[in-house]
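Trainee: what would the 3D arrangement of this be:
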Amino acid sequence: GVSVHGLSGNYEFEEEDKENDSDHQCFRALCCKGPPPARPEYDLVCIGLTGSGKTSLLSKLCSESPDNVVSTTGFSIKAVPFQNAILNIKELGGADNIRKYWSRYYQGSQGVIFVLDSASSEDDLETARNELHSALQHPQLCTLPFLILANHQDKPAARSVQEVKKYFELEPLARGKRWILQPCSLDDMEALKDSFSQLINLLEEKDHEAVRM
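Mentor: Have a look, this model is predicted:
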């Protein structure tokens, strides 16, 4: 028979029991697995006009209550956990007097989230379009993946993604870039998370390319 003296003790096996030894080691390897590998972290910048809903969307993704959301005046940083990555999102306030400083905060970004209010006035859409165009052409951002969220789709005045795409002239402007344009609203978290999964895929692709170069 077999007598085992503690886990670290000596095993006394007869010849035919040798294979049990390997079984035992396999089992130990399974039950003593370490922590799961660390998720990659990406640094993103989140821009958009005041009222586009940046803070509310990010708070909801962090499972924070949307009731006490206040408009971001300078910038705030949130670590948003997803299954396969952690996104450190630097959200910049969207007021007129802050937007001119946005570019000071672009350095080190690996991706861009641009939030627009798809139900806003023509004037605001025009401003958002100009801001998005500047961001897409900015030397520190122009090679990065962009996630463009057409927010407030739940409002009656919301423009469809097709209308937004056309109005923002995304096809000619962003040709050759990696960008995703998605509809979103606070009451459809699944769609929002899906948009972020697509962005994470783009970030991972970009990472692999950097390694190959």
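Trainee: thought Q140 was touching R104?
Mentor: No. In this structure, Q140 is not within contact of R104 by CB atoms under 8 Å, at 10.2 Å. Just so you know, the C-beta spots here come from the backbone N, C-alpha and C atoms, and that holds for glycine as well.
Trainee: more crowded one of those two?
Mentor: Neighbours per residue, other CB atoms under 10 Å: of Q140 and R104, the larger number sits with Q140, 15 against 9.
Trainee: leaving out chain neighbours, which residue sits closest to that one?
Mentor: Y106 (4.2 Å; CB to CB, 6 or more residues apart in numbering).
Trainee: okay, that neighbour and T72: tell me how far apart.
Mentor: 16 Å (CB to CB, to the nearest Å).
Trainee: one more: M189?
Mentor: Distance from M189 to T72, by CB to CB: 21 Å.
Trainee: so for these two, which sits in the more crowded spot?
Mentor: Ranked by neighbour count (other CB under 10 Å), M189 and T72 place T72 first, with 18 against 14.
Trainee: distance of the residue nearest to Q140 relative to T55?
Mentor: For Y106, the distance to T55 - CB to CB - is 19 Å.
Trainee: which one of the two has more residues nearby?
Mentor: Using other CB under 10 Å as the criterion, Y106 and T55 rank with T55 on top: 22 against 18.
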